[in-house]
Structures are given as C-alpha cells and as structure tokens.
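*Asks:* sharing a sequence plus its predicted fold:
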Amino acid sequence: MSGDGFPVSTPDLTRLRTYHADLAAYADIRLVTLSDGAERGVRVLELRSGGGLELEVVVDRGFDLGRLAINGVTVSWHCANGYRAPWLLNPSSDKGQGFLRANNGFLSTCGFDHIRQPETDLLADQGVYPNREIDYPLHGHGAHQPARLISYGFEEDAEHPYLWCEGEIVQTMQFHGTLKLRRRIEVPLGSTEISMHDRVVNRGPTEMSHMMLYHFNIGHPLVAKGCQIDLPHAQHVWGQTDPLDAFPEPQLDQNNGLSVFAMDEDRAAGICTVSNPENGLELALRFQQESLPFFQLLRMTGQGTYGIGLEPCTAGKRSRSEARAANEMGFLKPGEHRDYQLDISLKSKALTRSESA
C-alpha cells in the first residue's frame, strides 16, 4: 500500500480460488457509464473489497468518492444533485456558489487554488494575465472537474493484494496557470479500508496559490441522534460552540454549524472518528498534519440535509487575505509539488439494510 495508515489483514487467495474460478466473484473493480438524467455520460468505477466495503469513484467529477457502504449499508451523504455531469456545471454561477449544485457523495475535493467562500483576489505575481484580479468561486476552480482515467486494476501479486485506480485532474486557465492533481486510490483485498494519495504539481509558467480542503460527507445511519465525534489533539480556533457534542435528531430548521480546529503540530498524523454506539457503525479518517494542519467540521442538522462534513485542510482562516497574513496560504512555483495522504477505515457490527432503516 502507498500509505502507512490503518493495519490490514490479507485473505488467503489460494483458498479463495478453491471456491471461485474468477476472484471477481469475491472482489472486483469495474468501469461503468451512467446513462440517464443529469448524470448521463459520467464514468464511475465500482469497487468491492470482498470484506464488505463498496466504493464508487466518480471519474468525471474530480475522481472523487461517491457512494461508500459497508455490508450493504450506505454511510456516505447524498442529496438530489446526484453525480451531475461537469459539463452541466458552472462553479461561478449563483454568485460563486455553483459548487453546491454538484456536491454529493462521500468526497468532494476542494481547491486547487482556493477554498471556502467566493472571493476576488490579486494574482500572486504579475504574470501575463491581462487582469490581475481573479474571481474564485466557492471551494476553487479545481472542484468537480472531469478526470483523465490513467488506469485501474486488481493487484494480486502484492504482499497485501489490493484494488487500485489512478486518475489526473487539470485546473488551468490561459495566462493564469496550470495545477495538475494526480490521485491514486487503493483498497486492500478483504478489508474495509481505503488509502488515497494525491500529488498536486504546478505545470504552468507562473507561481500559483495552492489551497486544499477534503470535503468528506457522511450521513444516516452512521449519523443519527447520539452519534459521537472524536477529534483528539486539536484546538478549537473559531466557529460553532461545542462542535464535538453528541449529534441531535434531524431539526425542522436548516441549521448548519461550522468550526475550524488547529491540529497538534507535534504529531505526524491527525485522526477524526465518527461512531454510532446504537448501531455499531464507525468511520475513522486519518490525515498527515504536515500537509493538512487544520480541520474543518460541518454539522448539518436540518431535515433532508442531515449529515456531517469532515474536512482536513491547508488553511484555517476564513479569507484569502487572512490566510496570507497568517502564512497559511501555500504557493507553488513552476515544477513544485505537494503530496497528501489520507486513509479511511470503516467498522460495523454487520448491520443489515433492514436494520439501518
């Protein structure tokens, strides 16, 4: 595996082959194309680990993660957007809030040049762009862009066999610059773990600002009344009071609470765990603090939008000017890159679909 996250055990492939002529009956990765409505033409990779984990990688929407399930029970958060095709999206629409017309599923990757609310800012250098002012939409120009599918497969000969896929997303604008994200996702055979490695490279001729926020979205039945959020070794910086309190039941009012934490600089990795003591579901997110030193927590308690956003990020300030003043805004010179490693682990008491209703 590319990461050093959660420990995994390896199934006995020799024994499995005595039962299956083709291991695809046990675990598999396959490419499908959606063909109806706003999702028409969107490519999706479907992964089954053989250990109860099911995962969708939405190739044409940022190589992001769609449905995440364990033992047939969906734990990712979903809304009516579906996997809307990127050619139907304009991130600058709705006064820069176009991101909200696409956000759906377990992960929306935000960046690669801006995160949080829409802003107008000056370019990092003079460059050759005719206007130094750039309009940044909610969560940046890189979010929800179609990816180039590099490859995918089933690595049977590794010490710990795994399913894998790799894709590349380019955020570019003539005279402004080019940021390229290359993502590799691995799922160990027989496990309920996911490993994801990103590398963002400046392939343009000028220095560019670089900011990332990983918008992981989880929903019912993992998120329910009494579910618990644990974020150790983190200091609350700004936002909602008591953000780590046990979750309430869905509220009639649409009440979203946002909080930001600074992670302990003395620790290599941060971890956030959401657990439901009532049904035994648990999700843990591990991230490297050197590259993602802040953590944003979104609590959505309203009926119909009920869920939790777990959002490790590169900056904790609300605006670009504040981030720049606090030395939290990253910059990449031509040819420079930055790496990100994130690992997800799921646990379940073998909850069934009927029990989750």
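*Replies:* Great, that's in hand.

*Asks:* how far away is the closest residue to residue 11 other than its chain neighbours from residue 257?
*Replies:* Nearest residue to residue 11, sequence neighbours excluded (CB to CB, 6 or more residues apart in numbering): residue 190, at 3.9 Å. Where C-beta positions appear, they are placed from N, C-alpha and C, glycine not excepted. Here the criterion is CB to CB, to the nearest Å. By it, residue 190 lies 38 Å from residue 257.

*Asks:* just checking, residue 270 touches residue 287?
*Replies:* Yes. Shown here, residue 270 and residue 287 form a contact pair, counting by CB atoms under 8 Å, at 5.4 Å.

*Asks:* now for the two: what residues contact both?
*Replies:* Common contacts of residue 270 and residue 287 (CB atoms under 8 Å, 6 or more residues apart in numbering): residue 312.

*Asks:* tell me which of the two has more neighbours.
*Replies:* Taking other CB atoms under 10 Å, residue 270 and residue 287 do not tie; residue 287 has more neighbours (26 against 22).

*Asks:* in which helix or strand would I find the more buried one?
*Replies:* Secondary structure from DSSP states H and E places residue 287 in strand 282-288.

*Asks:* which helices and strands does that strand pack with?
*Replies:* Judged by 3 or more CB pairs under 8 Å, 6 or more residues apart in numbering; DSSP states H and E, strand 282-288 is in contact with strand 213-218, strand 269-275, strand 307-313, strand 337-347.

*Asks:* and the shortest one with strand 269-275, angle?
*Replies:* To tie it back to what came earlier, the one meant is strand 213-218. Angle, strand 213-218 to strand 269-275, by axes from the mean of the first three to the mean of the last three CA atoms, to 10 degrees: 20 degrees.

*Asks:* run through this protein and note the low-pLDDT ranges.
*Replies:* Along the chain, the model assigns pLDDT under 70 to residues 1-9, 123-130, 350-357.

*Asks:* hmm, what's the outermost residue in it?
*Replies:* Centroid-distance maximum for the chain: residue 18 at 37.2 Å, with CA atoms, centre = their mean.

*Asks:* before we move on, the earlier item: give me the more crowded residue out of residue 190 and residue 257.
*Replies:* A side-by-side neighbour count of residue 190 and residue 257, using other CB under 10 Å, places residue 190 first with 23 against 15.

*Asks:* number of nearby residues for the nearest residue to residue 33 once chain neighbours are set aside?
*Replies:* Leaving aside its sequence neighbours, residue 33 sits nearest to residue 43 (CB to CB, 6+ apart; 5.3 Å). If you count neighbours by other CB under 10 Å, residue 43 ends up with 18.
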